[in-house]
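Asks: I need the structure of the sequence given here:
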Amino acid sequence: MIRIQQLKLPISHTKEQLLQKIARELKTGPEAIQTYQIRRQSIDARKKSQISYVYTIDVQVKQESHVLRRAKSSRIGQAKDVQYQFPAGGTKKLKSSPVIIGSGPAGLFCAYLLARHGFSPILLERGRTVDQRVRDVEQFWKDNCLNPDSNVQFGEGGAGTFSDGKLNTLVKDAQVTGKRCGLIRNWLYWPSDTAPGIPLKCCIIWDFRWRQNLLQWDFGQNIPSP
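Replies: Model prediction:
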């Protein structure tokens, strides 16, 4: 399979136009394309007059090696799916639980995977739980009273909890780990009226925390710099 990245078309495009675009990118005819699969689809809305879909597409073609040599583009290459494998455990029992600093996305998923594999991790977070954090942020927006340890930057969920900037759920990526472990599939369709006035991602974090029955949480821990 050949993978084409950053393939852009207007949002009004047809399937025929997509097929023709794929053929042009590969410098071949549409008849040479046997099958294709959309691996990722996003929207580029930076120019309001030229809103586009941006695709990553896997393509099966005749004479693949010949097509790859002719295409000669940094956006085109062999499709390689790398699936995450949790490292094999050692033979000695740990004397203490592993400690994770920060409950942003990396910390949350690290804690989830460790707990899932029986390591009973401890997660330390400078800020407050997301429900308390919501109240602190609303108070700040209301009267400019800043809690330095619980705000839009610090607290359970990380800095992105109150911002959609650069948000990438990978819901259409077939190899996303979260989808395989059954988390993201459930989160994406959480009813919007579940908690009126509460950001959807806060509901996601609550759901995440409730699942961690083998994980110790400790909030309000300001870890000093070395």
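Asks: what are the ranges of the strands in this structure?
Replies: Residue ranges of the strands in the chain, as given by DSSP state E, are 2-10, 33-44, 52-61, 76-78, 99-101, 122-125, 216-219.
Asks: Rebuild these as TSV, extending it with mean neighbour count, distance to residue 132 and mean pLDDT.
Replies: Backbone N, C-alpha and C define where each C-beta goes, glycine included. Compiled in TSV, the strands of the chain are given as follows (neighbours: other C-beta atoms under 10 Å; distance: least, C-beta to C-beta, whole Å; pLDDT from 0 to 100):
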stretch	mean neighbour count	distance to residue 132	mean pLDDT
strand 2-10	16	41	94
strand 33-44	14	34	92
strand 52-61	18	38	93
strand 76-78	14	47	90
strand 99-101	15	19	89
strand 122-125	23	11	85
strand 216-219	15	8	62
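Asks: what's the closest of those strands to residue 21?
Replies: For the strands of the chain, the distance to residue 21 is smallest for strand 2-10, at 5.8 Å, taking C-beta to C-beta.
Asks: Look up how far residue 128 lies from the closest residue to residue 162 other than its chain neighbours.
Replies: Closest residue to residue 162 apart from its sequence neighbours, by C-beta to C-beta, 6 or more residues apart in numbering: residue 152 at 4.6 Å. From residue 152 across to residue 128, the span is 13 Å (C-beta to C-beta, to the nearest Å).
Asks: if I pick residue 159, what's in contact with it?
Replies: Taking C-beta atoms under 8 Å, 6 or more residues apart in numbering, we find residue 159 in contact with 104, 152-153.
Asks: same check, this time on residue 78
Replies: 1-3, 68.
Asks: That one pairs with what?
Replies: residue 2 (DSSP bridges).
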